[in-house]
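Enquirer: please find the sequence and the predicted model below.
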Amino acid sequence: MDSILRSNTRNVTFGYNLLDKDDNFKKRMHNVLTGVVSMTSLAQIKGQCIINITEDDEIDFLNDRVQPFMIFKSESLGLLPSEMLYPSLSLYPSGVGQTVYNLGIYLLSSPIFKTTMGVKTATVTCNSKLEILINDRIKERQSFPKDSKYTDNIKDVIRSAGIEKINISASSSTLDRDIEYDIGTTKLEIVNDLLDKINFNSAYTDNEGFVVSSPYVRPSNRSVDIEYADDETSVIFDDGFTEEEDASKTPNRWIGIASNPETLPLTSIYENTDVNSPTSIQSRGRVIAAEPLEYTDVASQDVLDEKVKRAAEEDLNIYGNVEFNTALMPIHGYLNKLEVEFNGSKYEYIETKWSMKLQTGGKMSHDARRVISIE
């Protein structure tokens, strides 16, 4: 974790850039009164920014975008002039005593202004670029041909919605038959369905406004992204942790079935037989089977096996939910793996939701699930 973020004398300021529909910088926004940025990783849109603003006739609410950012500076230097900021960079050039963290690019929505004490204000909910893919539906049946690459098709769908900033990891997986989607299907549905068939994460947007996806890696096999500890440099607030554990209905058997009109169905079964697990078949003395997992056009048996293990690990992780608050930490993104040490106990978690109130002394809330390792 960057040392400047864990300083006991953090000096933080906030700003908002107004961008056009092509993400080009238009101006700094000086009419933002408050702002909240959040990521809900298990939702469709995922990234969101809510701002409270005063009137500004130069804003095109139908096309413009907002880019919030945070500036962490060295105590020894004053802030640089605002016109020297580079909105297209995630980090300010080194050696100037401050670091700028972009917090995403969000589409504005039409505001409804209210007048209070002679001042017009409005709360504007701004969603990530995934809203473009939700709003755009195919106007005729769309077919992807056998032997074409999944990731090539995914990128084509995203580009067809007018999005050029794409960061989809490469994959050699190809379609084993033609796949079609019905008229009226949203482009986000198509993108996420194709990603799911090769066991990729669902699409999300990063802090620079790119649409991103990469192969799913089970939490127990991932390295830790961010560490927190209640030590002398802790940024954890004293209101502590709220942890919820309910394992009574946790399954210990999962069955996956993949159908394909041109081949025999594939099946995969995973059972929790770990004697050290309180929810395993041995520990419970009985089988608790999850609802059958049904898939279509899974790329291979290996992919199906991984998808069933993924479902099992996600079910096991659910029963250890934790909520806690920290100082504002702009290094969080999509489904980060956290290591949290509190009151002498250290656990790993996958963060499913976070929210930051962009103001001096603001808190960052975290919702996460305990990582449970499976073989």
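Expert: Thanks, I have it.

Enquirer: where does this structure have low pLDDT?
Expert: Low-confidence segments of the chain, defined by pLDDT under 70, span residues 1-10, 74-97, 233, 240-241, 243-246, 318-319, 373-375.

Enquirer: where along it do the helices fall?
Expert: Taking DSSP state H to define them, one finds helices in the chain at 130-135, 150-160, 187-197, 281-284, 301-318.

Enquirer: of these, which is nearest residue 73?
Expert: Minimum separation from residue 73 across the helices of the chain (Cβ to Cβ) falls at helix 130-135, 32.3 Å. Quick note: C-beta positions are derived from backbone N, CA and C, even for glycine.

Enquirer: pretty sure residue 109 sits against residue 126.
Expert: Yes - Residue 109 is in contact with residue 126 according to Cβ atoms under 8 Å; the separation is 6.5 Å.

Enquirer: name the residue in those two with the higher neighbour count.
Expert: Neighbour count, other Cβ atoms under 10 Å: between residue 109 and residue 126, residue 126 has more, with 24 against 15.

Enquirer: nearest residue to the more buried one other than its sequence neighbours?
Expert: Spatial nearest neighbour of residue 126, excluding adjacent residues (Cβ to Cβ, 6 or more residues apart in numbering): residue 106 at 3.6 Å.

Enquirer: just checking, the one you found touches residue 124?
Expert: No - with contacts counted by Cβ under 8 Å, residue 106 stays clear of residue 124, the gap being 9.4 Å.

Enquirer: when the two are compared, which one has more neighbours?
Expert: Taking neighbours as other Cβ under 10 Å, residue 106 and residue 124 compare with residue 106 leading, 27 against 20.

Enquirer: got the contact list for the more buried one?
Expert: If you count contacts by Cβ atoms under 8 Å, 6 or more residues apart in numbering, residue 106 has them with 47, 48, 49, 65, 66, 67, 68, 126, 127, 128.

Enquirer: with distance to residue 248 added, can I get the residues you listed in JSON lines?
Expert: Supplementary listing: the contacts of residue 106 in JSON lines, determined by distance: Cβ to Cβ, whole Å:
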{"residue": "47", "distance to residue 248": "34"}
{"residue": "48", "distance to residue 248": "33"}
{"residue": "49", "distance to residue 248": "38"}
{"residue": "65", "distance to residue 248": "46"}
{"residue": "66", "distance to residue 248": "44"}
{"residue": "67", "distance to residue 248": "45"}
{"residue": "68", "distance to residue 248": "42"}
{"residue": "126", "distance to residue 248": "40"}
{"residue": "127", "distance to residue 248": "37"}
{"residue": "128", "distance to residue 248": "36"}
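
Enquirer: ok, these vs residue 148, which is closest?
Expert: The shortest separation between residue 148 and any of the contacts of residue 106 is 27.5 Å, and it belongs to residue 128 (by Cβ to Cβ).

Enquirer: does the closest one touch residue 46 like I think?
Expert: Yes - using Cβ under 8 Å, residue 128 is in contact with residue 46, at 6.0 Å.

Enquirer: thanks again, I'm all set now.
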